[in-house]
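Novice: what's the 3D shape of this:
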Amino acid sequence: MAHVLQLVEARLRTALGEPDARAAVTFLGTDRIEVLRFPDFDGDGNGVVRYATLGMSAAPMADPTATLADPERGPRAELVLTVRAGLADTDKVLRPLAVLAASPQVEGVVVAPGASLDVGEPLWPGAPFTSVLVGEPGGLVEDLELDAPMDPVRFLPLLPMTPNEAAWKRVHGAAALQERWLAHGTDLRDPRRASVPLAD
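Specialist: Sure, this is the predicted structure:
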């Protein structure tokens, strides 16, 4: 487990630079989950902050219907959230992110692209989002290949959703919501953004 997490952290540092903060959260009956903060600013002081989990990939996610979890085979992932810096108190997202990263251990869920994850409260103080859409991996941080028979670690981007967007997505699907975001030029990194227009 420790070996896998060392490789994961090295991959995050290679892709995102050096973290300037990290926090650890431990839930009853689960392994420790860390959240690393990676700032990315341009010369004018504008930029984004990326939050990445570390610990979710220590064990493979098990199908909740399986009678016996395989200790090596199965999907592995970490979560990455990117927001524009300085517009909201987004550092308070550390605990909600750790809760989401612990959900495979706590609830036996397999987190995959297209899934909705709900924390039941604002992601940070005043946030218009209580849930996220899990995006496709491979863009910001490349998959990390592990020795066979272990599956690679995938770094899944999280896209914050307003309650209206989450409800619309349940009916129409993830692809339709993403198409709507694209059609309206939605800035998914804006921590204060309003819901995309959902009426046809």
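Novice: and the gap between A58 and P71?
Specialist: Taking CB to CB, to the nearest Å as the criterion, A58 is separated from P71 by 11 Å. Just so you know, the C-beta spots here come from the backbone N, C-alpha and C atoms, and that holds for glycine as well.
Novice: neighbour count winner among those two?
Specialist: A side-by-side neighbour count of A58 and P71, using other CB atoms under 10 Å, places A58 first with 19 against 11.
Novice: for the residue nearest to the spatial centre of the chain, which non-adjacent residue is closest in space?
Specialist: The structure's the chain has its C-alpha centroid closest to L79; by CA atoms, centre = their mean the separation is 3.0 Å. On the basis of CB to CB, 6 or more residues apart in numbering, the spatially nearest residue to L79 that is not a chain neighbour turns out to be T53, at 4.6 Å.
Novice: you'd agree the one you found is in a strand?
Specialist: Yes. If the criterion is DSSP: H, G, I helix; E, B strand; the rest coil, then T53 is within a strand.
Novice: where do the helices of the protein begin and end?
Specialist: Assigned by DSSP state H, the chain shows helices spanning 2-16, 94-107, 163-172, 174-183.
Novice: name the stretch among the ones you listed that sits most buried.
Specialist: For those, average neighbour numbers computed from mean count of other CB atoms under 10 Å are highest in helix 94-107, which has a mean of 21.
Novice: okay, now the unreliable bits of this protein?
Specialist: Residue ranges of the chain with pLDDT under 70: 1-2, 43-45, 63-70, 200.
Novice: thinking again about what came up before, so the residue nearest to L79 bridges to which residues?
Specialist: Beta bridges link T53 to V35 when assigned by DSSP bridges.
Novice: just checking, it touches A101?
Specialist: Yes. Taking CB atoms under 8 Å as the definition, T53 is a contact partner of A101 at 4.0 Å.
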